[in-house]
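S.K.: Give me coordinates for this.
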Amino acid sequence: MIDELRRAPLLSRLEATQLQRVARHASRVKLNAEQLLFSQGDSATRFYLLLSGRMRLFRLSPEGAEKVIEIVSPGQTFAEALMFLNAPRYPVCSAALADSELIAIDSSDFAAMLRESVDTCFVLLGALSQRLRGLIGEIDDLTLHTATSRVARYLASRLPPGAQSLELEVRKGVLASRLSVQPETFSRVIKSLSEQGIIRMDGTLVSVLDQRALLEIAELTDALEPGPVSIGTLGSQRP
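M.R.: Coordinates of the predicted model:
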């Protein structure tokens with residue numbers, strides 16, 4: 001478990017003794033696809049590191065409508081900022097998009113460890129500040145860009161370095177909610193990009209036929225080098 005913890009950006013700079021302490025108070029969690037990890041309003045006693053699979057964080061409206069806040073990829077941690085609150089509760093629900101394995105980390109003991117080390121506090125603050133910058137970027141995406149631009153930016157952000165294709169690893173409905181567009185709008189954008197010869201869809205495989213055109217629609221023409229583009233939290237903290 002210590003080696004797995006060390007691979008997380010948030011925990012990578014912890015000392016060996018600190019990692020051992022975290023591991024002593026941690027536990028493994030395995031979820032089946034669509035299984036709920038925690039619900040909105042539950043007491044937040046742990047934060048999580050995703051080892052494999054995919055998780056979605058989402059909020060439910062009083063009418064039961066779901067808004068996806070974040071899609072969590074392996075190597076990412078989530079819910080760690082709640083350890084600084086008194087009697088914290090999860091502000092979102094979390095459920096597995098695929099069979100997933102996580103490490104659950106004891107928040108109160110981790111917070112106690114932070115109180116003992118100023119250096120460790122600064123490491124965590126640096127990681128949280130980076131995530132905050134990503135969230136500010138996402139606000140810009142949602143307020144300054146059209147639905148078509150947001151979809152194009154997502155595709156550009158997930159394109160592996162030097163590759164011409166990517167796999168949509170989550171359902172289109174989940175992606176649409178994550179990008180704050182209606183599912184039918186998402187489908188129309190994909191169809192339009194396909195008809196323009198910019199992409200080609202084969203099931204869940206997206207082939208990028210004209211990367212420069214995709215970047216222009218995404219308003220990312222300054223991204224001249226091929227590879228992933230970090231857009232808000234969409235492309236952040238990937239291992």
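S.K.: Not counting sequence-adjacent ones, nearest residue to the residue positioned nearest the centre of the chain?
M.R.: When CA atoms, centre = their mean is applied to the chain, the residue found nearest the centroid is residue 72 (3.5 Å). Taking CB to CB, 6 or more residues apart in numbering as the measure, residue 72 lies nearest to residue 55, with 4.1 Å between them; neighbours along the chain are not counted. C-beta: built from backbone N, CA, C; applies to glycine.
S.K.: what sits against that neighbour?
M.R.: Shown in contact with residue 55 (CB atoms under 8 Å, 6 or more residues apart in numbering): 37, 48, 71, 72, 78, 94, 95, 96, 97, 100, 102.
S.K.: can I get the residues you listed in TSV with secondary structure?
M.R.: As requested, those are exported to TSV (DSSP: H, G, I helix; E, B strand; the rest coil):
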residue	secondary structure
37	strand
48	strand
71	strand
72	strand
78	strand
94	strand
95	strand
96	strand
97	coil
100	strand
102	strand
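S.K.: ok, and the most crowded of those residues?
M.R.: Each of the contacts of residue 55 was scored by neighbour count (other CB atoms under 10 Å); the top score is that of residue 102, with 27 neighbours.
S.K.: Quickly note the distance from residue 23 to residue 127.
M.R.: Between residue 23 and residue 127 the computed distance is 19 Å (CB to CB, to the nearest Å).
S.K.: between the two, who's got more neighbours?
M.R.: Of the pair residue 23 and residue 127, residue 127 is the one with more neighbours under other CB under 10 Å, namely 20 against 16.
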